[in-house]
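Visitor: Here is my input, please return the structure:
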Amino acid sequence: MVPSTSLLRHGKVNQSALLSLQNRWSFQSDAEARSYVNADGEKYQPYADAGDIKFVDTNEDGTINDDDKIYCGSGIPTFEVNLNLSLDYNRFDLSAVLGSAWGGHKIYNGNKYFYEGMNSGSNFLSSSLQSWRPDNTNTDVPPVLSITTRTAT
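Guide: Below you'll find the model as predicted:
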């Protein structure tokens, strides 16, 4: 699958877009994961377990794939401003560049991804302590999984 990096919509300017599968947080039990099926009784996520993210079949075609990605916003701001300042006096010079952007753009939270991702090999944010566990099921933070065994740690 090739990730989508732009979105063409009738009547809109071609723009960089954030597309993602919609989710409904986590499965609260293995039974809930096993019972998540389409109209034909086929499992949407056959390998899902308790704590895994539950994705939504947004186009209702009976399968979860790239066609289910939804528009989450654009990384392009509505308005940008930049100011370049320069001061020269004898053999001394000073320069500064100021910039800002407003409105309409959504920012990808790279710090949260890195420090809550639990795969960086570094310290994590304290919010990682709220990850899904059998004794902490009322959370929107996915479980910490062992990469080799795919079991909650």
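Visitor: What segments of the protein are helices?
Guide: For the chain, the helices defined by DSSP state H cover 30-34, 110-116.
Visitor: in the first one, what's buried?
Guide: Residues of helix 30-34 classed as buried: A33 (neighbour count, 16 or more other Cβ atoms under 10 Å). Placement of C-beta: from N, CA and C, glycine included.
Visitor: Quick one: distance of that helix to the chain centre.
Guide: How far helix 30-34 lies from its chain's middle: 24 Å, per Cα atoms, centre = their mean, to the nearest Å.
Visitor: any residues touching it, and which ones?
Guide: Helix 30-34 is contacted by residues 27, 43, 45, 48-50, 52, 54 when judged by Cβ atoms under 8 Å, 6 or more residues apart in numbering.
Visitor: Kindly recompute the last result at 10 Å.
Guide: For helix 30-34, the external contacting residues (Cβ atoms under 10 Å, 6 or more residues apart in numbering) are 26-27, 43-52, 54.
Visitor: same thing with the last one?
Guide: Helix 110-116 has contacts (Cβ under 10 Å, 6+ apart) with 109, 117, 119-120, 122-128, 130-131, 141-142.
Visitor: Where is pLDDT lowest across the residues you listed?
Guide: Lowest pLDDT within these is found at S120 (66).
Visitor: so where is the protein shaky, pLDDT-wise?
Guide: 1-19, 104-108, 118-120, 145-153 (pLDDT under 70).
Visitor: If we use 80, what do you get?
Guide: Low-confidence segments of the chain (pLDDT under 80): 1-21, 23-25, 71-77, 103-123, 140-153.
Visitor: most distant residue from the middle of it?
Guide: In terms of distance from the mean C-alpha position of the chain, N90 ranks first, at 51.5 Å (Cα atoms, centre = their mean).
Visitor: Near the residue lying closest to N84 once chain neighbours are set aside, how many residues? Count them for me, please.
Guide: Ranked by Cβ to Cβ, 6 or more residues apart in numbering and with sequence neighbours excluded, the top spatial neighbour of N84 is V97, at 5.4 Å. Neighbour count of V97, defined by other Cβ atoms under 10 Å: 9.
Visitor: Sounds good, over and out.
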